[in-house]
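Undergrad: what follows is a predicted protein model with its sequence.
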Amino acid sequence: LKLRESNLTGDVLLAAAFVSYVGGFDNSRRIKLWKNVWIEDMDQREIALSEGADPFNMLVNDSVIGRMRSEGLPADRISLENGAIVNNCSRWPLLIDPQMQGIKWLRQAFAGDNLLVMQTNNKRWQNTLMEAISNGLVVILENMSEEVDSAIEPVLARAVVKKGSGYLLKVGSETIDYHLNFKLVLQTRLSNPTYLPETQAQVTMINFIATEKGLEDQLLARVVMHEAAELEQRKQKLQQQFNEYQVQLYELEEQLLERLANAPDDILSDLPLIEGLEKTKATSQEVKAAVALGKETEIEINKSRELYRPIANEGAMLYFILTSLGSVDHMYQYSLGAFVSFFEKSMDEAIPLDDKKDKNVALIERVANLQASLRLTVYTWVCRGLFEKDKLVLLTQIVLSLMRRGKLDVEFETEMLPFLIRSEERR
């Protein structure tokens, strides 16, 4: 405990910097920033820090992670980091969320907190916002552009003035009551927005762009639900129970610590306290046993689900190839929702499972058929909207990506790819 106390300053500094500054970056840059730059700088300055310090683990515990996952937040590391930043940031969060994953999670997370979702293109949005500020509602301003309306600048700056027992905020020409329960979340669907430095200083920018690993897990759930619905339902039910157990276990531990902290000097004389502690301990052991059993069952289910992993992996790869087409021509924009619909269509159109063959052999063939159907369906769909000259670019990207991942029976030499791309055409 004394060691943790001596390292408290460095741990808090690292966690606070993580919340304030890394949200706008992708996973590789986040790791480089806090692990390779900040920790090394703190070591040079001789700031005490816990061994193996990880700012994410300082911001959340198993209970919080379980709650965020049960609310619909993807289970990959960067999505959970984003959730931790939203929950801990002191400035209003601004979500860069082109795939709408962050907004879906927030709608579920704040569902019971007088949530108000609105856009700035509504006629009365300013009046509605002022009413929400006075009533202490949770407001999500979605689909923001790069230009932030001047009317909400005092809200972003939290220019709140205390008057008597209440608080006031001047919005435009009006001064309104400010309720301390008011919360604001900004969201943009732009994938690479450019905001003024003044705006960036007033908000906490959080990059909610889907990662390939996170999308792969989501597509895997859809594949298993399509091919083996009962297996996926068991998985989801088990995950829900596991999340509930984690929350319950954390609450029991908190109750136990609270009772001990408020116990009288002579603990043995307080029979209700002793009985309560025994009950809490027994319940805690039951929950731990249920969690251990759930983990064993999860391992068995995941073994069956992993057979369909190649399809989900290839689906995630194809989606990110499509998003890169925007650099070829700005008109090539593809939403995640549209991609998922064609992903499911490809499974419907694939050659069905042959029940006459051995189960394992038939399953391997089915997975291969699903992959072939996915490639053809996505390529056909995308080619409808491509210029003729760009169709070869798409096909080349798909083939090279498949070769790089060893999906094609062709030898791939990484060092030869730059030569192929950059070499001049011989005339």
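TA: It's in. Residues are numbered from 1 along each chain as shown.
Undergrad: how distant is the helix or strand encompassing Leu219 from the center of its chain?
TA: In the assignment (DSSP states H and E), Leu219 maps to helix 212-227. Relative to the chain's own centre, helix 212-227 is displaced by 15 Å; criterion: C-alpha atoms, centre = their mean, to the nearest Å.
Undergrad: now swap in stretch 58-65 and tell me
TA: 14 Å.
Undergrad: which helices and strands sit right next to the helix holding Leu219?
TA: helix 229-261, helix 309-324, helix 336-349 (3 or more C-beta pairs under 8 Å, 6 or more residues apart in numbering; DSSP states H and E). Glycine gets a C-beta too; all of them are placed from N, C-alpha and C.
Undergrad: 10 Å - rerun?
TA: On a contact count with 3 or more C-beta pairs under 10 Å, 6 or more residues apart in numbering; DSSP states H and E, helix 212-227 meets helix 77-88, helix 101-109, helix 229-261, helix 271-305, helix 309-324, helix 336-349, helix 359-383.
Undergrad: select, out of the ones you listed, the one closest to Lys391.
TA: Closest to Lys391 of those is helix 359-383 (C-beta to C-beta; 5.4 Å).
Undergrad: what comes up buried for that closest one?
TA: 363, 366-367, 369-371, 373-375, 377-378, 381-382 (16 or more other C-beta atoms under 10 Å).
Undergrad: straight-line length of stretch 106-120, end to end?
TA: End-to-end distance for stretch 106-120: 18 Å, by C-alpha to C-alpha, to the nearest Å.
Undergrad: equivalent analysis for stretch 404-411, please.
TA: Stretch 404-411: ends 9 Å apart by C-alpha to C-alpha.
Undergrad: try stretch 411-420
TA: End to end - C-alpha to C-alpha - stretch 411-420 spans 15 Å.
Undergrad: what is the mean pLDDT for that stretch?
TA: What stretch 411-420 shows for mean pLDDT is 77.
Undergrad: cool, and stretch 237-254?
TA: The model assigns stretch 237-254 a mean pLDDT of 77.
Undergrad: buried stuff in that stretch?
TA: Those would be Leu238, Gln239, Phe242, Asn243, Tyr245, Gln246, Val247, Gln248, Leu249, Tyr250, Leu252, for stretch 237-254 by 16+ other C-beta under 10 Å.
Undergrad: mind putting the helices and strands packed on helix 212-227 in JSON lines, distance to Met416 included?
TA: Output for these, formatted as JSON lines (distance: least, C-beta to C-beta, whole Å):
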{"stretch": "helix 77-88", "distance to Met416": "32"}
{"stretch": "helix 101-109", "distance to Met416": "37"}
{"stretch": "helix 229-261", "distance to Met416": "41"}
{"stretch": "helix 271-305", "distance to Met416": "36"}
{"stretch": "helix 309-324", "distance to Met416": "20"}
{"stretch": "helix 336-349", "distance to Met416": "31"}
{"stretch": "helix 359-383", "distance to Met416": "24"}
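Undergrad: of all the ones you listed, which one is nearest Asn192?
TA: So among these, helix 309-324 is nearest, using C-beta to C-beta, at 11.0 Å.
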